[in-house]
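Build me a model from this:
(chains A and B)
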Amino acid sequence: MKFKRNLLACLSLLILGGVLSAAGQEQAKVADSSVSSPGAETAPATASGSSKAIQKSSFSRFEGEKRYRANCGRCHMAPHKFPPRMMATIERHMRVRATITDEDVQFILRYMTE
Amino acid sequence: MGPLIAPVLLVPIGDRWLIESRATFEADMTQQPGSSSFRGQVLKSIDYLQVDYIANPYVTVSVGRFLTPFGIFNERLYPIWIRNLQTDPLILPIGTGPSQASTGAMLRGGFRATSKFNINYAAYFSALSTVTLSNVTPLNSDRLAGARVGIFIPNARLEIGGSFEHLLQDERSNSFGFHGGWQPPALPLEFRGEYQRSARGSGYWFEPSYRLSQVPFWQYAMRRTQLVARMQQYFVGRLPSDSLPPVNTRQFEFGVNYYFRDGLRAVSSYGRQFSELGNKNIWTVGLTYRFAFPLGHGGDN
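Next comes the predicted model:
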């Protein structure tokens, strides 16, 4: 009985520790969110601005493909693209089913709907 | 001949809610004596029907009837259009039970723990259910609680994890298991496997698969061809089980799959099962086809 309690306590602590660890990195992720947020494509119309926008777009595409291959490619073939609204629903389903991270979902969704 | 249809229904509501369900219609058709027609009973089941609420980037709450997240096969690899071999692993009922589903609530999620790896988890409670819609549509589940934790290293494409479950009825026993999957980034190769142990039995399965995309000839056909094998062994536990083999069993399978395109593939495999009840061959040949379409205005925006 004591063993069971200890095991359950360890599992709970492991989950809690992971959540806290990730929460601690929230600030760092917020700094990167300008890349992954859907509004990032509205870059300024200046020359340097459009150059940055292209860089961000390339980075976003590269990351999206990389994360698609790492997460989705474990079970699925090369991407089959659906209309954006369908893709968003499928992504939400896979986020729950395959416990994909929020950040990965954002990159993959953008990659799959480009 | 066993045609099987497994429709998945997804209904998103707002930005955070999702209703999802999967049903299975499976027929075991046999040819009638003196006739060319095939007849058989259609088995129907609701594999899961759950409501998901994405509370924040770390936690999703699910309630309803859900696939028991014990190990990885039941939740992630079970659909016929995903699995490499069409037969179930012998140890699948360990932890998931005969219906492979639970009725209750679940917390789950995945998040980036460090720049090197992600953590994913699921913790669940299931109530006892003896509901049966008809003699071929059971909705039963056991009273139990459990959790699964996994670590995924994206750069190495390696995932390892473990599951624990405590049965809150009958013999109140524990089950535990370990799972792993690895896709070496440089090769079209994949390894998957699980080990599970409970009072009703224990065992493992190990499944390597290889896409022939690096073979230098007949490249059009080769890159669509996949070779797969599965080794597995099951050991009887101290308690009896209706859904697990009654004796120690070993099984080896080898298969060839051909992907015509995403969603459509031909599957074939040969296996040999060894047990005290007698050895036997297991053949499968089939086609799997997955398609998706919007029920409402699920179109362009």
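
where does chain A have its least confident helix or strand?
helix A:26-36 (a mean of 40; mean pLDDT, DSSP states H and E).

which one is B:T30 nearest to, not counting chain neighbours?
Leaving aside its sequence neighbours, B:T30 sits nearest to B:G40 (C-beta to C-beta, 6 or more residues apart in numbering or on different chains; 5.7 Å). C-beta coordinates here come from the backbone N, C-alpha and C atoms, glycine included.

ignore the last one, B:R265
Spatial nearest neighbour of B:R265, chain neighbours left out: B:Y259 (4.6 Å); criterion: C-beta to C-beta, 6+ apart.

Could I get the buried residue list for the host helix or strand of that neighbour?
If you go by DSSP states H and E, B:Y259 is part of strand B:249-261. Residues B:249-251, B:253, B:255, B:257, B:259 are the ones in strand B:249-261 that count as buried (16 or more other C-beta atoms under 10 Å in any protein chain shown).

which SS class is B:I54?
Counting by DSSP: H, G, I helix; E, B strand; the rest coil, the backbone at B:I54 sits in strand.

touching chain B at all, the lengthiest helix in chain A?
For chain A, the longest helix by residue count, based on DSSP state H, is helix A:47-71. Yes. Using C-beta under 8 Å from any C-beta of the partner chain, helix A:47-71 reaches chain B at A:66-67, A:70-71.

Can you tell me which of those residues is nearest A:S58?
Closest to A:S58 out of the residues of helix A:47-71 next to chain B is A:K66 (12.3 Å), distances taken as C-beta to C-beta.

which residues sit in contact with that closest one?
B:P154 (C-beta atoms under 8 Å, 6 or more residues apart in numbering or on different chains).

re the thing from before, so can I have CSV of the residues of helix A:47-71 next to chain B showing distance to B:K280 and pLDDT?
Converted to CSV, those look like this (distance: C-beta to C-beta, whole Å; pLDDT from 0 to 100):
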residue, distance to B:K280, pLDDT
A:K66, 45, 90
A:R67, 43, 92
A:A70, 39, 90
A:N71, 38, 91
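
And for B:V131, the neighbour number?
A count of nearby residues for B:V131, using other C-beta atoms under 10 Å in any protein chain shown, gives 11.

That one touches B:R65, doesn't it?
No. The criterion here is C-beta atoms under 8 Å, and B:V131 misses it with B:R65 at 9.5 Å.

Mutual contacts of the two, please.
B:L139.

Spell out which residues of the stretch 101-250 of chain B are next to chain A.
B:108-114, B:118-123, B:147, B:149-150, B:154-155, B:157, B:159, B:164, B:166, B:174, B:181, B:183, B:190.

returning to that earlier point: show me the contacts for the residue nearest to B:T30.
B:27-30.

For the residues you listed, which single residue is the most surrounded?
Highest neighbour count within the contacts of B:G40, by other C-beta under 10 Å: B:A27, with 17 neighbours.

which ones are touching that residue?
Contact partners of B:A27, counting by C-beta under 8 Å, 6+ apart, are B:2-4, B:40-43.

just for chain B, where's the confidence low?
Low-confidence segments of chain B (pLDDT under 70): B:133-138, B:297-301.
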